[in-house]
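**Student:** Take this sequence and fold it.
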Amino acid sequence: MVSITRVSESDSALLAQIAKTTYLESHGASAEPADIDSYLTEKYSSAVLKDELSNPENVYYIIYHGKEAAGYSKIIFNLPYAGSPVENVAKLERLYLLKAYYNLKLGLELFQFNIDLSKRNGQMGIWLYVWKGNARAVNFYTKTGFRIIGSHDFRISASHTNPNHQMFLEF
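**Tutor:** As a prediction, this is how the structure comes out:
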């Protein structure tokens, strides 16, 4: 059984655990270990995530496979990208799945959940950044209808950035 649950501030420790693990699994080789550690400390500590969860603009969900947390997402509504012709587009800031659950189509289920949620919230499309070195994710987003609209240097640490595609899906 699969379920998707909105994350609350009281879930910040679980979210931090999933976020760190999924980030390491998908991006751990994208930079030197010290840079990755710096990023994880800055973005994925329980305290940082609890603070993010206190802001209603940050909408987090966890997907469960049975009783086990398998991944999570973060979406922000009405956050257009630079040069967007419309204001009511969402940014899919994070969509991560634990490697153990890759072949169960849970990523697609969580993705579709976010698309449906965006449409219910009056969004006309969704955009995101994806690391160019993550072929699996780039392929996933391309197959689901996203198109590359630009590029972005994603800051991992003061001394390292990763090249990202900026992608957009219009509804």
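
**Student:** what is the nearest residue to residue 38 once chain neighbours are set aside paired to in the beta sheet?
**Tutor:** Nearest non-adjacent residue to residue 38, counting by CB to CB, 6 or more residues apart in numbering: residue 157, 4.4 Å away. Heads up, the C-betas are built off the backbone N, CA and C, glycines and all. In this entry, residue 157 is beta-bridged to residue 160, by DSSP bridges.

**Student:** and residue 157, how far is that from residue 133?
**Tutor:** In this view, residue 157 and residue 133 are 16 Å apart by CB to CB, to the nearest Å.

**Student:** In contact with residue 106, which residues?
**Tutor:** For residue 106, the contact set (CB atoms under 8 Å, 6 or more residues apart in numbering) comprises 2, 63, 65, 70, 71, 97.

**Student:** What pLDDT is listed against it?
**Tutor:** As predicted, residue 106 sits at a pLDDT of 98.

**Student:** and if you look at residue 86?
**Tutor:** Note for residue 86: predicted pLDDT of 88.

**Student:** That one: what secondary structure?
**Tutor:** Using DSSP: H, G, I helix; E, B strand; the rest coil, the structure places residue 86 in coil.

**Student:** and it, what does it touch?
**Tutor:** Contact partners of residue 86, counting by CB under 8 Å, 6+ apart, are 80, 124, 125.

**Student:** Need the CA coordinates for stretch 94-109. PDB is fine.
**Tutor:** Provided in PDB are the C-alpha atoms of stretch 94-109 (Å, rounded to 0.1, in the frame of the first residue of the first chain):
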ATOM      1  CA  ARG A  94      12.700  18.600  -4.400                       C
ATOM      2  CA  LEU A  95      11.500  15.200  -5.500                       C
ATOM      3  CA  TYR A  96      13.600  12.400  -4.000                       C
ATOM      4  CA  LEU A  97      13.200   8.700  -3.600                       C
ATOM      5  CA  LEU A  98      15.300   6.300  -1.600                       C
ATOM      6  CA  LYS A  99      17.300   4.000  -3.900                       C
ATOM      7  CA  ALA A 100      15.700   0.900  -2.500                       C
ATOM      8  CA  TYR A 101      12.300   2.000  -3.900                       C
ATOM      9  CA  TYR A 102      13.500   3.100  -7.400                       C
ATOM     10  CA  ASN A 103      11.800   0.300  -9.400                       C
ATOM     11  CA  LEU A 104       8.400   0.500  -7.700                       C
ATOM     12  CA  LYS A 105       7.200   3.600  -9.700                       C
ATOM     13  CA  LEU A 106       6.800   5.500  -6.400                       C
ATOM     14  CA  GLY A 107       8.700   8.500  -7.900                       C
ATOM     15  CA  LEU A 108       6.200   8.700 -10.700                       C
ATOM     16  CA  GLU A 109       3.400   8.400  -8.200                       C
END
